[in-house]
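Student: Predicted coordinates and the sequence they were generated for:
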Amino acid sequence: MTYWPEIISASKLLSDSLEVLDEDKDRWFLKLVMMENEDSFSEKISSRREEVGFLVNWPRPGRRKIPSGMISLFVVETLDLDLLSVKEIRRIYLLALEITDAERLILLKDLVKSNNPSVESTEDLIDFEIRMGSSLARSYCRILGVPTLFSSKGTSDSRTPFEVISSVKRLPPLIDFQLRVRELAQNIFSKPNGRAMIVMPTGSGKTRTSIEAAFHFVLRNCNWPVTILWIADRDELCEQAFQSFRQIFIHKCQEINDEERPDSLKMWRYWGGLDNRYKNELINFSDGVYVTSVQQLQSRLRTSDLEVKKIISKASIVIVDEAHRNLDFIEELDARFRNSVNQPKMIGLSATPLRRDRAESSRLHHVFDSEIICPIEGAEYDIDIMIEQLTERNILAKRINIDPYDLIDFDSINQSPGQKQYLQKLVQIIRGIRGMGRKSILVFTKDVEHARILSSALKLDNEPIIAEYIDAATPVEKRKNTINSFREGGVEVLLNYGILTTGFDAPNTDAVIICRTLDQEDSLFKQMVGRGLRGNDFGGTSDCSIVHFEEEY
């Protein structure tokens, strides 16, 4: 589901409602800015008007005048999922509904009254504060005619922590460089306490290759049933791994004789508290795949949680994604595993294992016994050699570096220094990259607020670009919708501060703009660049424009 059409729909309904009530839009907007008891919303609307208005040239600095035809869109875009939390918005929608469809308004009153008997009149309904995320809020939106996306803060998560997967579909076979990694991993899995780092550039399939290596080993060596523990450090990485385990299990089962083929695989989402509804199954488990987060695992180990201790005591294979992160905890796990009865094998995954801090590199080598597995022989300690060879084979996209200052028209830039001038330049850079034919532009901004402002400015300009932003506070449902829309081409520009450096897969990304002061040899910079380097032969693009805009203000 694309998010922008939902905003358009809600803003059209708001605009139509204002017309039904014969409200002058300019005067109504001033009323909205001056709302009593809604200080946070009023301040947000007022400040965003100035920030966005400067970038899209709305007149009158300090109190910019929004074109009347843009007011509803600006309000919905600015309030976002807080739209129905604002009493004045509810008032406009409900009073217009009273005129245009009285029967539907009665239906809405009856719905709310069933939950709150004190609601009698339309004014009571306007005063009623909806609890977002509830079934009542979703029904409220459906009857009102507002997209149901605005009924939720997205705090609920419908994914279940436990699934049983049955076996059907084939995946394309691994290619030679991935097979090399898989075969080298077999040697590690055959050793008690075997340790190694798998180093593969972003976009070359390290998640699939490592999961397939684990399944290949246990199925070929009759080690089924097995307990595999996958550890990552954020929701996107965990969910990506969970879906990969599902698909690869089905694929691998096609290679096994009927007599030896497992009937099913138990899989657990063990992050974000998702196990809480299935305590009995957890306590009685004997095998399966556990995808967990560093945060949940660490928290529960610190409280001596019996469930997590049982999972660790059963693990045969442990895979740590982005192993260079959370190094203190990885060392703690390593010590625990080396002294355990089951002596699990532990594989670390990374696209950028060499740290700028030599002490960190040394610690990583110690945990993983200085064993490096990489797809290109002789490139164990040089990621650039891997990238060069895989680019030549169209596994990775060709990197095209663009000078940001070639995209800026300095004559049109406001000469007063500061954030406004900086953001003007960034808007021109984004528009310049889009003008070069790039359709899926990923932007890493200097801070979260820049992502928010730019997203609005790009959409509300005379020549709109469909842009969205996500940050740490973006609700689960909205984040999922936004990322899916970017993958599918509905969102042209996706802005973020640091959320999408890892665990993000959008093969059609054809431009990456990095607005951070980073050394290009820094692992974080390489991770950001890597988001756009999925090549043609891996379902990506032939090349990717990279812009590094380091300017300070």
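Tutor: That came through, no problem. What you see is a predicted model; the values in this text were computed from it and never measured.
Student: Every contact and neighbour count from this point should use C-alpha atoms.
Tutor: Noted.
Student: Could you chop this protein up by domain?
Tutor: 4-151, 162-390, 397-548 (automatic domain parsing).
Student: And residue 523, how far from residue 471?
Tutor: 21 Å (C-alpha to C-alpha, to the nearest Å).
Student: next one: residue 312
Tutor: 32 Å.
Student: what about the two, which has more around it?
Tutor: For residue 312 versus residue 471, the count of surrounding residues by other C-alpha atoms under 10 Å is larger for residue 312: 23 against 18.
Student: quick one, what contacts residue 396?
Tutor: Residue 396 sits next to 203-204, 387, 390, 533-538, 542 when contact means C-alpha atoms under 8 Å, 6 or more residues apart in numbering.
Student: okay, now the closest residue in space to it that isn't next to it in sequence: neighbour count?
Tutor: Distances taken as C-alpha to C-alpha, 6 or more residues apart in numbering put residue 535 closest to residue 396, at 3.9 Å, once the chain neighbours are dropped. Using other C-alpha under 10 Å, residue 535 has 25 other residues around it.
Student: Residue 535 reaches residue 542, doesn't it?
Tutor: Yes - contact criterion C-alpha atoms under 8 Å: residue 535 and residue 542 qualify, at 5.6 Å.
Student: Give the residues shared as contacts by these two.
Tutor: Shared contacts of residue 535 and residue 542, counting by C-alpha under 8 Å, 6+ apart, come down to 394, 396-398.
Student: What remains of the residues you listed if I keep only buried residues?
Tutor: Neighbour counting over the shared contacts of residue 535 and residue 542 (16 or more other C-alpha atoms under 10 Å) leaves 394, 396-398 as the buried ones.
Student: For my notes, confirm residue 124 occurs in a helix.
Tutor: Yes - assignment of residue 124 by DSSP: H, G, I helix; E, B strand; the rest coil places it within a helix.
Student: Now it. Nearest residue, chain neighbours left out?
Tutor: residue 118 (7.8 Å).
Student: Backbone dihedrals for that neighbour, please?
Tutor: phi -80, psi -10 (degrees, to the nearest 10).
Student: any idea of the pLDDT on it?
Tutor: With respect to pLDDT, residue 118 scores 91.
Student: if we can go back for a sec, distance-wise, check the residue nearest to residue 396 relative to residue 506.
Tutor: 12 Å.
Student: before we move on, what about residue 346?
Tutor: 28 Å.
Student: Kindly report the same for residue 471.
Tutor: Following C-alpha to C-alpha, the distance that separates residue 471 from residue 506 is 17 Å.
Student: Over to residue 485?
Tutor: Residue 485 is 10 Å from residue 506, by C-alpha to C-alpha.
Student: Repeat that for residue 62.
Tutor: For residue 62 relative to residue 506 (C-alpha to C-alpha), the value is 39 Å.
Student: So the two - more neighbours on which side?
Tutor: Neighbour count, other C-alpha under 10 Å: between residue 62 and residue 506, residue 506 has more, with 21 against 13.
Student: Which SSE is immediately downstream of the strand or helix carrying residue 363?
Tutor: Residue 363 is located in helix 358-367, with elements delineated by DSSP states H and E. Scanning forward in sequence from helix 358-367 by DSSP H and E, the next helix or strand is strand 372-373.
Student: pLDDT (mean, whole number) over that following strand?
Tutor: 94.
Student: Please list the residues outside that strand that contact it.
Tutor: Counting by C-alpha under 8 Å, 6+ apart, 181, 184-185, 196-199, 380 sit against strand 372-373.
Student: Next step: those residues restricted to strands.
Tutor: 196-199 (DSSP state E).
Student: Closest one to residue 500 out of the residues you listed, please.
Tutor: Proximity of the ones in strands among the contacts of strand 372-373 to residue 500 (C-alpha to C-alpha) peaks at residue 199, which lies at 19.7 Å.
Student: What is the burial count for the closest one?
Tutor: Quick note: residue 199 (other C-alpha under 10 Å) scores 27 neighbours.
Student: Could you pull up the residues touching it?
Tutor: Counted by C-alpha under 8 Å, 6+ apart, residue 199 has contacts 206, 349-353, 372-375, 380.
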